[in-house]
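Asker: predicted model, plus sequence, below.
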Amino acid sequence: LTSVTIPDSVTTLGYSAFSYCAKLTSVTIGNGVTNMGLYAFGYTALTSVTIGNGVTTIGNYAFYSCTNLTSVTIPDSVTSIGHSAFHGCPALTSVTIGNGVTTIGYSAFGYTALTSVTIPDSVTSIGSYAFYNCANLTTVTIGNGVTTIGSYAFYECANLTTVTIGNSVTSIGASAFEDCPALASITIPDSVISIGASAFEDCPAL
């Protein structure tokens, strides 16, 4: 199986629906699908994904370890990006996060090749380890809706140089920016009331 088109009549993609389809390179998800289950496309050879505008939830591990995936556009209909949804996608350099997303889950984009990230104002929380070990990440813009930056959210982002924190953030979690050796400056807004242990540890350029 090399490509799949899921028609608008489908509403749910179940657990591990296409996982381990080693030659699956392309998928188009119809506008009727609202929920993508655990490991729906995990461990496939996907290079591109078109997510229909009916999807509200990208499930845990939905695209886990899709090592050939280079870019993804998340439509405004999506409200939740699940735990490890795109974790371990080392070719993923670009993501557009829609304006409907409110939650970015634990390790959602960990170990990817993202170079820049803009988190829209609709997002209220960035989960722990959300962008952990994104070694190519240089620029992060955190929208004004975010209140919580989770523990280890940007841990070990070796080339992170520019971070803009929105003015609604109240909590920066433990080790959130630990071991970001290229980070030279950061402005913490007045809204922040809590900075966790080791939040900026091992940032020698700061």
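Answerer: It's in. Numbering: from 1, shown residues only.

Asker: just the terminal-to-terminal distance for stretch 118-125.
Answerer: One end of stretch 118-125 sits 14 Å from the other (CA to CA, to the nearest Å).

Asker: residues contacting it, please?
Answerer: Residues from elsewhere that reach stretch 118-125 (CB atoms under 8 Å, 6 or more residues apart in numbering): 97-104, 126, 140-148, 150, 166. All C-beta atoms are positioned from the backbone trio N, CA, C, and that covers glycine.

Asker: how much space between residue 55 and residue 112?
Answerer: 20 Å (CB to CB, to the nearest Å).

Asker: just give me how far the helix or strand of the chain with the lowest mean pLDDT sits from the chain centre.
Answerer: Among the helical and strand segments of the chain, the one scoring lowest on mean pLDDT, DSSP states H and E is strand 48-50, with a mean of 83. Offset of strand 48-50 from its chain centre (CA atoms, centre = their mean, to the nearest Å): 15 Å.

Asker: CA atoms of stretch 82-98 as CSV?
Answerer: This file holds the C-alpha atoms of stretch 82-98, laid out as CSV (Å, rounded to 0.1, in the frame of the first residue of the first chain):
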residue,chain,number,x,y,z
GLY,A,82,-2.1,14.4,21.2
HIS,A,83,0.7,12.9,23.2
SER,A,84,3.7,12.2,20.9
ALA,A,85,1.5,12.8,17.8
PHE,A,86,4.5,13.6,15.7
HIS,A,87,7.3,12.4,18.0
GLY,A,88,10.3,10.9,16.3
CYS,A,89,9.8,12.4,12.8
PRO,A,90,13.4,13.4,12.0
ALA,A,91,12.6,14.8,8.6
LEU,A,92,9.8,17.0,9.8
THR,A,93,11.1,20.6,9.1
SER,A,94,7.8,22.5,8.9
VAL,A,95,4.5,22.6,10.7
THR,A,96,1.6,25.0,10.5
ILE,A,97,-0.6,24.9,13.6
GLY,A,98,-4.2,25.9,13.0
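
Asker: quick check: mean pLDDT across it?
Answerer: Mean pLDDT, stretch 82-98: 96.

Asker: tell me which residues of that stretch come out buried.
Answerer: Within stretch 82-98, the residues that qualify as buried are 82, 83, 84, 85, 86, 87, 88, 89, 92, 95, 97, 98, counting by 16 or more other CB atoms under 10 Å.

Asker: kindly report the same for stretch 132-152.
Answerer: Across stretch 132-152, burial judged by 16+ other CB under 10 Å covers 132-134, 136-138, 140, 142-152.

Asker: show me the residues you listed that map onto strands.
Answerer: The strands, defined by DSSP state E, take in 140, 142, 148, 149 from those.

Asker: what bridges to the third one?
Answerer: Beta bridges link residue 148 to residue 125, residue 171, judged by DSSP bridges.

Asker: residues in contact with it?
Answerer: So residue 148 contacts 124, 125, 126, 169, 170, 171, 173 (CB under 8 Å, 6+ apart).
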